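In: No letters, just coordinates:
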């Protein structure tokens, strides 16, 4: 039905596509730990040796865990399996709240203690007016 | 097959349609902007910065959609040597690129008050930047290569290779931990945007799609005029 040239071009393009998809897949696989923007407290627990490099830890701010001082803030990041204590000197973003997502950038002192140099608030995928939020309550 | 691509038939549409589409676009955009900036409620958590979403999300969708169309057409163009597909792709690229940049810039403006940073090298944002680079390569390739046969091959391959990035963008938020939130609007599962916010989002998407269509028709029309001037009666 199609000419020989058409089939050849199809084969040529398919080979390009398959090889590029494979290489992208392999690159992403080998970079896995660098593609993720942050690690969860559970993943931190699995680390064998504590490196001096800057890392990011993300999860939920544990309820009733924020302790504010004049120049520093302490809180706990949880993924509901493991937890990690965070200390941070400086101002936090407006959306930083208990029970909400957070990403802390900084250095791991030990597996349970993280010294943050930067705090980012993570926004979730829920969008609704305040009245609706009140009506459904804090689920 | 070629008789349906008679240049005069297409030209009679592309030369007249833009003014009607401009008219519809202005109406839909006015409704969309009124809904998005004034009538829709503020968000319980991010208050008024939610309104950036009504520009950010449609721009991102449309830039992804246009690149997908370009990739499909390029595939057909490369294999079946259909020059019309390539010219349609070429005419689509500028609006797709513009919306890609709009999505990146509005995302950055939203990120500062919400996340606390203008930019993060997370998988979603980085893959979206790579899409912008592919758009740039695609558009530049059309200008760099003079030879007609050669330019169609090269631009097609750029579009097809770049299309691999499309599913990566879409699923980046599910595959890896990202700062960017996961999708709120889902076809198969629940949508986590309240209806009062989903409606303006839909209208703004329609408005931006009309704008992309308008720019496309004008670009396509120009390309057809160029071909006509060379004295060719078909594509």
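Out: Cool, got the structure. Keep in mind that this is a model prediction, so the values were computed, not measured. Numbering: from 1, shown residues only, chains lettered A, B, ... in the order given.
In: got the phi/psi numbers for the residue nearest the centre of chain A?
Out: In chain A, the C-alpha closest to the average C-alpha coordinate belongs to residue A:38, at a distance of 3.5 Å (Cα atoms, centre = their mean). Main-chain torsions, residue A:38, degrees, to the nearest 10: phi -150, psi 170.
In: What is the three-state secondary structure of the residue nearest to it when sequence neighbours are not counted?
Out: Closest residue to residue A:38 apart from its sequence neighbours, by Cβ to Cβ, 6 or more residues apart in numbering or on different chains: residue A:58 at 3.4 Å. For every residue, glycine as well, the C-beta is placed using N, CA and C. Per DSSP: H, G, I helix; E, B strand; the rest coil, the secondary structure class of residue A:58 is strand.
In: tell me which residues of the lowest-mean-pLDDT helix or strand in chain B are tucked away?
Out: Every helix and strand of chain B was ranked by mean pLDDT, DSSP states H and E. The lowest is helix B:7-14, at a mean of 84. Using 16 or more other Cβ atoms under 10 Å in any protein chain shown as the test for burial, helix B:7-14 gives B:7, B:10-11, B:14.
In: still on that earlier bit, for residue A:85, see how far away the residue nearest to residue A:38 is.
Out: When distances are taken as Cβ to Cβ, to the nearest Å, residue A:58 and residue A:85 turn out to be 15 Å apart.
In: Between these two, tell me which one has more neighbours.
Out: Neighbour tally, residue A:58 and residue A:85, criterion other Cβ atoms under 10 Å in any protein chain shown: the higher count belongs to residue A:58, 23 against 17.
In: Show me where chain A has its helices.
Out: Remark: helices assigned in chain A by DSSP state H are A:4-30, A:32-35, A:41-45, A:130-136.
In: List the buried residues in the helix or strand following the least confident helix or strand of chain B.
Out: Sequence-wise, the next helix or strand downstream of helix B:7-14 (DSSP states H and E) is helix B:17-34. Buried residues in helix B:17-34, defined by neighbour count with 16+ other Cβ under 10 Å: B:17-18, B:21, B:25, B:28-29, B:31-33.
In: ok, now stretch B:90-104?
Out: Within stretch B:90-104, the residues that count as buried by 16+ other Cβ under 10 Å are B:90-100, B:102-104.
In: Please name the nearest non-neighbouring residue to residue B:11.
Out: Nearest to residue B:11 is residue B:224, by Cβ to Cβ, 6+ apart, at 5.1 Å.
In: Could you dump the buried residues of helix B:7-14 into TSV with distance to residue B:73 added?
Out: Putting the buried residues of helix B:7-14 into TSV (distance: Cβ to Cβ, whole Å) gives the following:
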residue	distance to residue B:73
B:7	17
B:10	15
B:11	19
B:14	16
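In: The least confident helix or strand of chain B: how far from the chain's middle?
Out: Relative to its chain's centre, helix B:7-14 lies at 24 Å (Cα atoms, centre = their mean, to the nearest Å).
In: Helix, strand, or coil at residue B:182?
Out: Classification of residue B:182 using three-state DSSP returns coil.
In: Wait, the residue nearest to residue A:38 touches residue A:44, no?
Out: No. With contact defined as Cβ atoms under 8 Å, residue A:58 and residue A:44 do not form a contacting pair (10.4 Å).
In: do stretch A:10-25 and chain B meet at all?
Out: Yes. Part of stretch A:10-25 sits close enough to chain B to count as contact by Cβ under 8 Å from any Cβ of the partner chain, namely A:10, A:13, A:16-17, A:20-21, A:24.
In: And residue A:90, how far from chain B?
Out: Taken as Cβ to the nearest Cβ, to the nearest Å, the spacing of residue A:90 relative to chain B amounts to 11 Å.
In: Contacts only, for that residue.
Out: Residues in contact with residue A:90 (Cβ atoms under 8 Å, 6 or more residues apart in numbering or on different chains) are A:71, A:119.
In: Top of the residues of stretch A:10-25 next to chain B by number of neighbours, please.
Out: Counting neighbours by other Cβ under 10 Å, the top entry in the residues of stretch A:10-25 next to chain B is residue A:13, with 18 neighbours.
In: Tell me the confidence at it?
Out: As summarised for this prediction, residue A:13 has a pLDDT of 91.
In: Count the neighbours of the closest residue to it other than its chain neighbours for me.
Out: Beyond its immediate neighbours in the sequence, the residue positioned closest to residue A:13 (Cβ to Cβ, 6+ apart) is residue B:78, lying 5.9 Å away. As a burial measure, residue B:78 scores 23 neighbours (other Cβ under 10 Å).
In: now residue B:146
Out: Burial of residue B:146 is recorded as 7 neighbouring residues (other Cβ under 10 Å).
In: Report the distance from stretch B:28-48 to the chain centre.
Out: Average the C-alpha atoms of stretch B:28-48, do the same for its chain, and the two points are 22 Å apart (Cα atoms, centre = their mean).
In: Looking at whichever strand or helix holds residue B:204 now, give me its mean pLDDT.
Out: Assessed by DSSP H and E, residue B:204 sits inside helix B:195-229. Predicted confidence along helix B:195-229 averages 93 (mean pLDDT).
In: What of stretch B:22-40?
Out: 93.
In: Identify the residues contacting that stretch?
Out: When contacts are defined by Cβ under 8 Å, 6+ apart, stretch B:22-40 is touched by residues B:51, B:54-55, B:196-197, B:199-201, B:203-204, B:206-207, B:210-211, B:214.
In: Recalculate using a threshold of 7 Å.
Out: Stretch B:22-40 has contacts (Cβ atoms under 7 Å, 6 or more residues apart in numbering or on different chains) with B:51, B:54, B:196-197, B:199-200, B:203-204, B:206-207, B:210-211, B:214.
In: So which of these is the closest to chain A?
Out: Lowest distance from chain A to those (Cβ to the nearest Cβ) belongs to residue B:197, with 5.2 Å.
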